[in-house]
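[1] Let me see the structure of the following:
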Amino acid sequence: MSERASSGDTRDPRAAVKQLIGRPAMREVIPRDPASSLRWQVHGYPDPLARWNFHPEIEIHLIRHGTGRYIIGDTVGVFGPGHVALIGSNLPHDWISDLGDGESIPDRDVVIQFDERWLKQCQAAIPELEALDRLIRRAAHGVEYFGDTARLAAEHMECIGVTTGAERVARIFALLHVLHEAPETDFRLLVADWAGEITDPEASRLVGAAIEYIFANIDSEVRLAKAAQLAGMSDSTFSRYFKAASGQTFSDMVARLRMTHACRLLESTSIPIAIVAREAGFANLSNFNRRFRAIHDMTPRAYRIAAR
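    Numbering: from 1, shown residues only. Presented below is the predicted three-dimensional model:
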């Protein structure tokens, strides 16, 4: 069962998918603030801004509250309070919190977005900033931060929102410095390669709808034909649109989300592994163990021990 569903979410998946498909295009337009070098904002969840989206601006993202799953490019992972990520230009992303029916998380996210051209202009005037090119190259792959780097980055992100003038500028570049100088133990790249800008907004809408359908049925059968039917498309058309927006096939996405959910259960509960397998949609325990070992190079039991 998806964590959202297991927390009491009884929404009709068909209605949820229709609602997502009816939203505006997932190409987010970032309004420019003439009084600031970047855009700093806080929003809760659910929120119109919290969706599968992309934009040309570079984003630094902090989770203040709650747990759940993130999807960055073709990578699925889990998040908790203090999660910090760097998202490159036009790299699709979404953070989906574990919620029960009717629940919400106020002020879940702190988000910073800036245009790479702004940084280039700063580098032209301040040669010492040219070293940040390496950070921008990393951003194209999506970066997840840990340890002291994530903690310091979160502190700077919070302070940027409450400071002005020269102090705010100092905080901005202190944040970029912290991310740039992160030791290898404090970060990992998430995406090997990404195809670039998504030019079809319908494809981006549909992948968000499909992900919602998968989450709502993670403990049972998930069929491409059903997702395509809910979207009002043929199987082949839906497959093409899904691959264009997510960078992977529908079946690959289902497999990733099932395994991510299984890992989450192993880390956060003590329920028997046979139940973990069933909750993640694996009807056969032997098949679950075999697939888990192939991906993580250890058994589910060993994974649970190592995670604690």
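[2] Pass me the low-pLDDT residue ranges in this structure, would you?
    The chain contains residues with pLDDT under 70 at 1-34, 193-205.
[3] Backbone dihedrals for the residue of it most remote from its centre, please?
    Within the chain, the residue lying farthest from the chain centre (C-alpha atoms, centre = their mean) is Ala125, at 34.0 Å. Phi and psi for Ala125, reported as degrees, to the nearest 10, are phi -90, psi -30.
[4] which residues does it contact?
    By C-beta atoms under 8 Å, 6 or more residues apart in numbering, the contact set of Ala125 is empty. (Glycine included, C-beta is placed from N, CA and C.)
[5] Make sure Leu99 is indeed in a strand.
    No - assessed with DSSP: H, G, I helix; E, B strand; the rest coil, Leu99 is coil; it does not lie in a strand.
[6] Hmm, Thr67 and it touching each other?
    No - applying C-beta atoms under 8 Å as the test, Leu99 and Thr67 come out as separate, 10.0 Å apart.
[7] these two touch, right, Phe266 and Arg304?
    Not Phe; residue 266 is Leu. Yes - assessed by C-beta under 8 Å, Leu266 is found in contact with Arg304 at 4.4 Å.
[8] any residues in contact with both of these two?
    With C-beta under 8 Å, 6+ apart, Leu266 and Arg304 have common neighbours Ile273.
[9] Pull up the gap between the residue farthest from the centre of the chain and His43, please.
    32 Å (C-beta to C-beta, to the nearest Å).
[10] and what of Leu49?
    In terms of C-beta to C-beta, Leu49 sits 5 Å off from His43.
[11] Which residue, neighbours along the chain excluded, lies closest to His261?
    Beyond its immediate neighbours in the sequence, the residue positioned closest to His261 (C-beta to C-beta, 6 or more residues apart in numbering) is Ala280, lying 4.9 Å away.
[12] Actually, Ile160.
    Looking at Ile160 with C-beta to C-beta, 6+ apart, the closest residue is Arg171, at 4.8 Å.
[13] Quick one: neighbours of that neighbour, just the number.
    By the criterion of other C-beta atoms under 10 Å, Arg171 has 19 neighbours.
[14] Could you say which helix or strand holds it?
    helix 165-180 (DSSP states H and E).
[15] list the buried ones in that helix?
    168, 171-180 (16 or more other C-beta atoms under 10 Å).
[16] go on, stretch 218-237?
    218-219, 222, 224, 226-228, 230-231, 233.
[17] Which strand runs longest in this protein?
    strand 105-114 (DSSP state E).
[18] about what we covered before: so the residue nearest to Ile160 is in contact with Gly161, correct?
    No - Arg171 lies out of contact with Gly161 (C-beta under 8 Å); the separation is 9.3 Å.
[19] show me what contacts Phe288?
    Here Phe288 is in contact with 262, 273, 276-277, 280, 282, 300 (C-beta under 8 Å, 6+ apart).
[20] and the nearest residue to Glu116 once chain neighbours are set aside, what does it touch?
    Setting aside the residues directly before and after it, Glu116 is nearest to Ile58 in space (C-beta to C-beta, 6+ apart), at 5.9 Å. By C-beta under 8 Å, 6+ apart, the residues touching Ile58 are 86-89, 113-116, 119, 136, 139.
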